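Trainee: Model the structure of this input:
(2 chains)
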Amino acid sequence: MSSDNKARREDGPSRRRAAPLDTSPASIDPELRHEIGDVRDLMGRLQNVAEAGFFGPADAADRSFDANRRLDSLADPLDHTEPLDLGVWTAEDTTKFLRMQLLIRSVEDRLGKMVEAGDIVCPVHLAIGQEAPPTGISHWLTPNDRVFGAHRSHGHYLGLGGNVYQLFAEVLGRADGCSRGMGGSMHLYSPEVGFQGSVPIVAATVPVAVGAALAAKKDGSPVVAVAYFGDGAVEEGGVHESLNLAAQMKLPVLFVCENNLYASHMDIAQRQPNDRTARIAEAHSVTTAVIDGNDVIAVAEAAGDLIHNARCGNGPGYLEAVTYRWRGHVGPDENIDVGLRRSPEELAAWKQRDPVSRLQTAMIARGDISADQAAGFTEEISAEVAEAATRAYDAPWPDQNALLDYVYVNNRD
Amino acid sequence: MDGSIITAEATNYGNAVREGFRHLLAEHEDVFAIGQGLWSPWYVGSSMTDLDREFGTERIMDTPVSENACTGAAIGASLFGYRPIVIHPRIDFMLLATDQIVNQASKWAHMLGGQVSPAVTIRGIVNRGGEQGAQHSQALHSWYAHIPGLRVVMPATPADARDLLIASVLSDQPALYIDNRWLYEREAELPPSRDVDLDKQGPQILRAGEDITLVGSGYATWLCEQAADILAADGIDCEVIDLRVLNPFDGAEIAHSVERTGRLVAVDDGWSTCGLSAEIIASAAERVSPDAYKSRPSRITLPDAPAPTSRVLEEAYYPTVETVVEAVRASVAD
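Mentor: Numbers count the residues shown, from 1 in each chain, chains lettered A, B, ... in the order given. Down below sits the predicted model:
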């Protein structure tokens, strides 16, 4: 079992804090309006992990900006393959993390099979292999936080607690879908869990998330906005504009780059001179953390740090989670040899660096669960997912009126 | 209305825009303005003068040079209880925010099942001439009027400069408000400001007439009004319709008018192809029986070229009152 922080984030033990992290609710803002219950619960969670000293310095001035620094071993599938270091995280937390990742994987796998069966026509961009980032990040979020995604956002939606049946119904184009069948896989909406919208134009929701953070700041509220995007999105000008704006206005937004080394068929090596996208955030004076995105514990710790900073009014954060998608850009096919670094050997290596099995192995070793219980989770979740998918096939279709009725709507209705 | 005497105050279009902002900022605490040049004395003419002093820089926010992200941020804030107005000192610059306007704001409600609407107003200013050239001159209302889900308004009068701004901002739907610097000196007397409902706004007959229908929007409407005054002296009685709302487009008023007059000149200070002038003529063509026409519909637009800088070319480029007068005479003679 891995022994130290160094394996999962690039900065190692030197990032332990000099001063204790202030986790009292009052550290957020004296003028809390309506989130105080949820925030206190979050602060409790933060307390446990902070006491073990896993968070790095909050002050961006502590961090030197080296534009030539690269991902190095974080992008090496032969590294970071050991079971996770569970640290001070409780069995209750790890069980929650495992079950959520199993759920995301099961739903995505099911969707892939539905595509193969010809039941789904809508393009689906599957997140198998990338289950850890939304799982770890969502741990710190409440339904009042404001999460935005992109085309590969089923995991972002599910990680917040988004309804599984409504996701299947949406991808099938049914009226029971989370977007009433009007959006399909790439336009999801579930405000009751804090998922405020995903759209497929790359990087388009990043400025929108910044605006959601601006609104929160104007309200004096401790809620944060989260913008999920990939390594391709950082090539869009809008991301640079958004980083600058958020830094300049000190907005409570977490930028999450799930760097899976690909934009469609193109390897990052063919698109950017450096594979470490965090350099862009640093260039815009935004605090960063770069971690193994297949380690839900590392994700949770880094995210907790940055999200807490944002809630306290210290401005935006950028979390780069290095990961890899097991399936192709779109659909269930594995895209073997589509672009660089997708040989069968490479894909097999990345599957060894599996966020789910690394967590599960560590949990069993520590005694959080037994092997039987782990198998039980998988079975139970698969059954739940199958039931939801089956039910979604019978969901009603949208009315013809839906074509025109939703063009102009009022928020008051 | 409570029956008390309503006093009207003399003002002009530019000041009326500012009055619209003042009304909104004073009466609605969820309103704020965001955009480039708002703290500058020259970027937006008289339309924002001293608003930052009166309401503070948190409600009048000048921004980095990031049209795309600032428009997206306004959309984001509009999803969470605010009514932002994102201001682009020129429509030409607003193009950099077209993804946010067309792909995001306009479609957000529909894509997400009608469950939320971005209550954002985007203000694009037409600010042309003065030898500024091609990228400081465009009136692109036709492009944006083409997009379902986006309200587009273009005020021609000081009253509308104020009231259509208020209506746009108070609407829950994304709205593009386009004002024109060439109208800023236009004078009128206005009653006190009040809230306005965008759903109740549409084309208006500014001047009733029997001989010919002139249809315009924004600055083009003013050209029509002035031409009508000149032509009246020659016994040609023009009906002038101000469109005011371009999206959703309502052609009924135009059709009713053309049924009576039998003649139509569409005036648009944008380009010709696939533009507003084509929509005006189409709306009459598809509703009005061919028997009703006394002459062929015609249109006045910019020539098919980008705006020049040299003043002699500028003089040839932009339609004038005379251009409209000549077109009407030609139609009457046809």
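Trainee: residue contacts, B:Gln135?
Mentor: B:Asp92 (Cβ atoms under 8 Å, 6 or more residues apart in numbering or on different chains). Backbone N, C-alpha and C define where each C-beta goes, glycine included.
Trainee: Tell me the residues on the stretch 201-334 of chain B that lie near chain A, please.
Mentor: Residues of the stretch 201-334 of chain B found near chain A (Cβ under 8 Å from any Cβ of the partner chain) are B:Pro248.
Trainee: Show me what the longest helix along chain A is packed against.
Mentor: Ranked by residue count and defined by DSSP state H, the top helix of chain A is helix A:91-116. If you count contacts as 3 or more Cβ pairs under 8 Å, 6 or more residues apart in numbering or on different chains; DSSP states H and E, helix A:91-116 packs onto helix A:132-138, helix A:154-159, helix A:164-171, helix A:296-311, helix A:355-366, helix A:371-393.
Trainee: Quick check: residues of the stretch 201-350 of chain A near chain B?
Mentor: A:201, A:204-216, A:218-219, A:225, A:237-238, A:241-242, A:244-245, A:248.
Trainee: So which of these sit within helices?
Mentor: Members of those lying in helices (criterion: DSSP H): A:205-216, A:218-219, A:237-238, A:241-242, A:244-245, A:248.
Trainee: Filter these down to the buried ones.
Mentor: Of the members of those, the ones counted as buried by neighbours, 16 or more other Cβ atoms under 10 Å in any protein chain shown, are A:205-216, A:218-219, A:238, A:241-242, A:244-245.
Trainee: circling back to that earlier point, what angle do the longest helix of chain A and helix A:371-393 make?
Mentor: Calculated by axes from the mean of the first three to the mean of the last three Cα atoms, to 10 degrees, helix A:91-116 forms an angle of 40 degrees with helix A:371-393.
Trainee: buried residues in the helix or strand containing A:Ala281?
Mentor: For A:Ala281, the element it lies in under DSSP states H and E is helix A:278-283. Buried residues in helix A:278-283, counted by 16+ other Cβ under 10 Å: A:Ala278, A:Arg279, A:Ile280, A:Ala281, A:Glu282.
Trainee: with these in mind, which one is nearest to B:Pro84?
Mentor: A:Ala281 (25.2 Å; Cβ to Cβ).
Trainee: From A:Val208, how far out is the closest one?
Mentor: A:Ala281 is 18 Å from A:Val208, where distance means Cβ to Cβ, to the nearest Å.
Trainee: In CSV, list the helices and strands packed on helix A:91-116 along with mean neighbour count.
Mentor: Below are the helices and strands packed on helix A:91-116 laid out as CSV (neighbours: other Cβ atoms under 10 Å in any protein chain shown):
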stretch, mean neighbour count
helix A:132-138, 29
helix A:154-159, 28
helix A:164-171, 26
helix A:296-311, 26
helix A:355-366, 21
helix A:371-393, 15
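Trainee: any chance of those in a markdown table, with distance to B:Ala16 too?
Mentor: Shown next, in a markdown table, are these (distance: least, Cβ to Cβ, whole Å):
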| stretch | distance to B:Ala16 |
| --- | --- |
| helix A:132-138 | 48 |
| helix A:154-159 | 45 |
| helix A:164-171 | 46 |
| helix A:296-311 | 41 |
| helix A:355-366 | 59 |
| helix A:371-393 | 54 |
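Trainee: Flag the shaky bits of the stretch 251-400 of chain A, pLDDT-wise.
Mentor: Residue ranges of the stretch 251-400 of chain A with pLDDT under 70: none are present.
Trainee: For A:Asn294, list the residues it contacts.
Mentor: So A:Asn294 contacts A:His80, A:Gly129, A:Ala132, A:Val322, A:Thr323, A:Tyr324, A:Arg353, A:Asp354, A:Pro355, A:Arg358 (Cβ under 8 Å, 6+ apart).
Trainee: Contacts only, for the last one.
Mentor: Put plainly, it is A:Arg358. Taking Cβ under 8 Å, 6+ apart, we find A:Arg358 in contact with A:Thr81, A:Glu82, A:Pro83, A:Leu84, A:Asn294, A:Asp295.
Trainee: and what of A:Pro355?
Mentor: A:Gln101, A:Gly129, A:Gln130, A:Glu131, A:Ala132, A:Gly293, A:Asn294, A:Asp295, A:Val296, A:Thr323.
Trainee: was I right about A:His154 contacting A:Ser185?
Mentor: Yes - with contact defined as Cβ atoms under 8 Å, A:His154 reaches A:Ser185; the gap is 7.1 Å.
Trainee: okay, and the common contacts of these two?
Mentor: A:Leu111, A:Val124.
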